[in-house]
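S.K.: Give me coordinates for this.
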Amino acid sequence: MKLQRVSNQPVLQPRKHIEWERSAVFNPAAFYENGVFHLFYRAVYHEGTRGGADYVYDSCIGHARSLDGIHFQCDDRPVLRNKTYIGGEIYDPQDARVVKIDGTYYMVYTNWKNHRIGEPWLAVSADLETWQDQGPMLSYDDWGWNKNALLFPEKIGGRFAAFHRPEDQRYKHLPMSEFKYGYWTRGPIENFEPVPGIAVVYSDDLRTWEGNQGVLSPRPGMWDGRKAGSAAPPVRTEQGWLTVYHGIDELGVYRLGIALLDLNDPSVVIKRQDEPILEPELEWELRGDVPNVVFACGAVLFYNNLWVYYGAADTVIGLAIGDVAEVLTAG
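M.R.: Here you go, the predicted model:
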């Protein structure tokens, strides 16, 4: 399967007159219901010198709607915005994923604490309009650094199921200063072996999680050889869970891949495509706040096509579409 872009231009770009999103919009959750496409996108305002004392970086979650999935109208206020809590801790919401389970909408997003620590948080809604924060879903105390978390769109074996990408659990007892973001571990990098990528966990209450079985790990020497992480929530098909994920190579290039997982035990990989389904090629995918990036948090199964909304170079949003039959019928 290879995704085809609907256009050589982004479907969503930052609105310069809206302060909280004037620098970048990217990495949207996607949800389709009642004839409306919804995007819950990461919106950023930044200024100053990156890494300098004058640097300001604020992240929020915005909401956009469309009847055709291509032309979007955006709200002027974010549905989730950055907050400062007691003690001066700053939380920036990033990279949402949205599903609906038993009539409730769930948004899992990374809360970036003090611009240093990633922790998956949860928000819930009854109508996709107003969201109520529920606090940490996979806490830093339990899992350490953690990103790319999402919920499956239905329970498995009567329990909530989630993907996440926690840091190497063997070394999370070491000081936080030892953490190497590029390797996702606090452990030694001499003779480094890639840490497990996507793992699945289960819960009855969305707070206590068990299992932590590896699902998709980096494949050394390939396009996903450095890291592998979740992208969009898995899509149920008769053959299994169709799962879009992201991979990073040794040069730091982000691409998207696809795999098919067992419906009853998603730690069982039925098939995993060797080639990426999308990679940076266009100017706005190659250059931006973070170059050489295509990164997805949402996909919609629309008839027999998978509509994948993706962030490009951490700056704008693109749309690419693929026929799921190419994956499901491939040998």
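S.K.: contacts, neighbours, all on C-alpha from now
M.R.: OK.
S.K.: Return the set of buried residues in the helix or strand in which G214 is found.
M.R.: G214 is located in strand 210-216, with elements delineated by DSSP states H and E. By neighbour count on 16 or more other C-alpha atoms under 10 Å, the buried set for strand 210-216 is N212, Q213, G214, V215, L216.
S.K.: neighbours around the residue nearest to D92 when sequence neighbours are not counted, how many?
M.R.: Excluding its sequence neighbours, the residue lying closest to D92 (C-alpha to C-alpha, 6 or more residues apart in numbering) is N82, at 4.5 Å. The number of residues packed near N82 is 19, by other C-alpha atoms under 10 Å.
S.K.: who's in contact with N82?
M.R.: Residues near N82 by C-alpha atoms under 8 Å, 6 or more residues apart in numbering: D58, S59, C60, I90, Y91, D92, P93.
S.K.: which residues sit in contact with the first one?
M.R.: To tie it back to what came earlier, the one meant is D58. If you count contacts by C-alpha under 8 Å, 6+ apart, D58 has them with W20, V44, Y45, H46, N82, D92.
S.K.: Tell me the helix or strand right after the least confident helix or strand in the chain by mean pLDDT.
M.R.: Every helix and strand in the chain was compared by mean pLDDT, DSSP states H and E; the lowest is strand 83-84, with a mean of 69. Tracing the chain C-terminally past strand 83-84 and defining elements by DSSP H and E, one meets strand 90-101 next.
S.K.: what helix or strand does the residue positioned nearest the centre of the chain sit in?
M.R.: When C-alpha atoms, centre = their mean is applied to the chain, the residue found nearest the centroid is C297 (3.9 Å). Under the criterion of DSSP H and E, C297 resides in strand 294-302.
S.K.: Quick one: residues in contact with the helix or strand following that strand.
M.R.: Toward the C-terminus, strand 294-302 is succeeded by strand 305-312 as the next helix or strand (DSSP H and E). The contact list for strand 305-312 (C-alpha under 8 Å, 6+ apart) reads 25-30, 280, 284-286, 288, 292-301, 317-324.
S.K.: in the stretch 151-300 of the chain, which spans are strands?
M.R.: Using DSSP state E, counting those that start in this stretch, the strands of the stretch 151-300 of the chain run over 160-166, 198-203, 210-216, 227-230, 235-236, 241-248, 254-261, 269-272, 294-302.
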